[in-house]
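> Predicted coordinates and the sequence they were generated for:
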Amino acid sequence: MFQEEIQFMSREDIESLQLERLKKQVRHAYENVPMYRKRFDEAGVRPEDIKELSDISKIPFTVKNDLRDHYPYGILAVPLERVNRIHASSGTTGIPTVVSYTTKDLDTWSDLMARCYSCAGVEPSDIVQNAYGYGLFTGGLGFHMGAERLGTMIVPTATGNTKRQIKMMLDMKTTVLACTPSYAIYLIEALKKEGISKDDLNLRIGMHGAEPWSEEARQHIQKHLGIKAQDLYGMSELYGPGVAVECPEQDGLHIWADEFLVETIDPETGEVLPPGEKGEIVFTMLTREAMPLLRYRTRDLAVINWEKCKCGRSHPRIMRIKGRSDDMLIVGGVNVFPSQVEDILVGIEELGEQFQIILEHDKLDHLYIQVEVSDEYWNRVDLDWLNKKVSDALQASLTLRARVELLSPGTLPRTEGKAKRVIDRRKGI
Ligand code: DLL
């Protein structure tokens, strides 16, 4: 088992390591990141005030907008020459959230991902087909590096091209499938169409994450692919995938607490909640060099369970992500903020102000945008040309193809209160 001694650390050992690392990390952030030094000074907190784990509540929160406000390198704690790689994800506006890694950070992330595979039951002898997106998204490279670290064979198919995906799965005798849960469900349909049954495949484990999914979806995937479908959580700001993963008990996702100190807060008041209460999950990264994040608000809502798991691990568990405290949408694994869509549409002068975002699900998630053309342009613009212009602008910013429908001015319902911009017509399995 990969890093078995860390996977099975006792709670006392986890907490004493956390405290030692927290003190060091707070100092690192304070001394090297002007944003943190300013925040600490304003709050009247000094690194030496952190004596116990509970002292963490003295530290101000960090939020996604802090990354945007300091775009692209503003919260780096090391000289740029030491940065080895960046990844990026959607921000709430057109400005992406950039995450930086030193060589050591990439090494830590690889270990975390190898540990996730191992905890989920994957062995070095397995053949991992990685159908997450390679590129700025952290999924592809995160799963890739982890498999490499564990020593499995990797089939780096990346997303899409389902026919080739199936061919590889058959010919390479893939045993582990890494992809979003919605893609796994799509794949089941595609296999059925090709007349391929689970007995023709060698799959035994699925590693699914990047979006919320239900217990019913899990049962469906397990039954039709003949695998154990494991949930895995992460986010780009926190390296990427690899923050937490299910063990074979499938009873919550173990957060690797030697690297991530977790708290639950009331999303309205910011007050720290006792363990077992549902709230917003906040993480402090305990060793990241390039971009330390202290008390990072994820906006994900969940319950954290500190009881020892039946598997013997003491790392606390996320009892499934229960939603978000902001309006971020996840469309086939891609994060989309309504404000981001609005920013794009506002930037196109031929359009009016009214728009609607509709989410549909037909085997895969689809993004459908209805937007009014402005009064001024309605009778004199080439609608096909404008439709393409809008779709291209959305694709460039969201990395997602949306179906666009242009409407005449005054078509969409007006409300006196808050406009209902998002209609989610997806039904989960
Ligand atoms: O989705 C990283 C990742 C890649 C995780 C592959 C797992 C597998 P972001 O694009 O930054 O990073 O999106 C992070 O996705 O805050 C959650 O809202 C959601 N999310 C990720 N994993 C899960 C999960 C990657 N297992 C955001 N269950 C997070 C529910 C998830 N939601």
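Yep, that arrived.
> Up against the ligand, what does the stretch 51-200 of the chain have?
By Cβ under 6 Å from any ligand atom, the part of the stretch 51-200 of the chain that sits against the ligand consists of 89, 132, 138-139. Bear in mind the C-beta positions are built from the backbone N, C-alpha and C, glycine included.
> cool, the stretch 201-350 of the chain as well?
209-212, 231-236, 240-241, 298, 300, 321, 324, 330, 335.
> ok, of the residues of the stretch 51-200 of the chain next to the ligand, which one's closest to residue 377?
Of all these, residue 377 sits closest to residue 89, with 33.3 Å by Cβ to Cβ.
> and that closest one, how many neighbours?
20 (other Cβ atoms under 10 Å).
> What residues are bridge-paired with it?
Beta bridges link residue 89 to residue 97 when assigned by DSSP bridges.
> What count of nearby residues applies to residue 1?
Residue 1 has 11 neighbours, counted by other Cβ under 10 Å.
> quick one: it from residue 181, how far?
Distance, residue 1 to residue 181, using Cβ to Cβ, to the nearest Å: 25 Å.
> For the stretch 251-400 of the chain, which residue gets nearest to the ligand?
residue 321 (3.6 Å; Cβ to the nearest ligand atom).
> excluding its backbone neighbours, what's nearest the residue of the stretch 101-250 of the chain found nearest the ligand?
Closest contact between the stretch 101-250 of the chain and the ligand, by Cβ to the nearest ligand atom, is at residue 209 (2.9 Å). Closest residue to residue 209 apart from its sequence neighbours, by Cβ to Cβ, 6 or more residues apart in numbering: residue 232 at 3.9 Å.
> For that neighbour, pull up the helix or strand it's in.
In this structure, residue 232 sits in strand 228-235 according to DSSP states H and E.
> mean confidence for that strand?
The predicted model assigns strand 228-235 a mean pLDDT of 97.
> right, and the helix or strand after the lowest-mean-pLDDT helix or strand in the chain?
Every helix and strand in the chain was compared by mean pLDDT, DSSP states H and E; the lowest is strand 323-324, with a mean of 86. Next helix or strand after strand 323-324 toward the C-terminus (DSSP H and E): strand 329-331.
> and for that next one, what are the contacting residues?
Residues outside strand 329-331 that contact it (Cβ atoms under 8 Å, 6 or more residues apart in numbering) are 210-212, 335-338, 357, 359, 365-367, 400, 422, 424.
> let's go with 7 Å and repeat that
For strand 329-331, the surrounding residues in contact (Cβ atoms under 7 Å, 6 or more residues apart in numbering) are 211-212, 336, 359, 365, 367, 400, 422.
> that older thread, any idea whether the residue of the stretch 251-400 of the chain closest to the ligand is helix, strand or coil?
coil (DSSP: H, G, I helix; E, B strand; the rest coil).
> what sits against residue 25?
When contacts are counted by Cβ under 7 Å, 6+ apart, residue 25 touches 286-287, 292.
> hang on, the earlier thing: my read is that the residue nearest to residue 209 contacts residue 241, right?
Yes. Counting by Cβ atoms under 7 Å, residue 232 does reach residue 241; the two are 5.8 Å apart.
> Give the residues shared as contacts by the two.
residue 209.
> quick one: which of those two has more around it?
Between residue 232 and residue 241, counting by other Cβ under 10 Å, residue 241 is the more crowded of the two (29 against 25).
> Which helix or strand contains the more buried one?
strand 240-246.
> Can you flag the buried ones in the contacts of residue 25?
Among those, those buried by neighbour count (16 or more other Cβ atoms under 10 Å) are 286, 292.
> got CSV for the contacts of residue 25, with secondary structure and pLDDT too?
Shown next, in CSV, are the contacts of residue 25 (DSSP: H, G, I helix; E, B strand; the rest coil; pLDDT from 0 to 100):
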residue, secondary structure, pLDDT
286, coil, 98
287, coil, 98
292, coil, 97
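> Now stretch 197-208 - C-alpha only, CSV.
C-alpha atoms of stretch 197-208 as CSV (Å, rounded to 0.1, in the frame of the first residue of the first chain):
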residue,chain,number,x,y,z
SER,A,197,-21.1,-6.0,-21.9
LYS,A,198,-19.2,-5.6,-18.7
ASP,A,199,-18.0,-9.2,-19.1
ASP,A,200,-16.1,-8.2,-22.3
LEU,A,201,-14.2,-5.6,-20.2
ASN,A,202,-11.5,-6.0,-17.5
LEU,A,203,-12.6,-3.1,-15.4
ARG,A,204,-12.6,-3.4,-11.6
ILE,A,205,-12.4,0.1,-10.1
GLY,A,206,-13.7,3.5,-11.2
MET,A,207,-12.3,6.8,-9.8
HIS,A,208,-15.0,9.4,-10.2
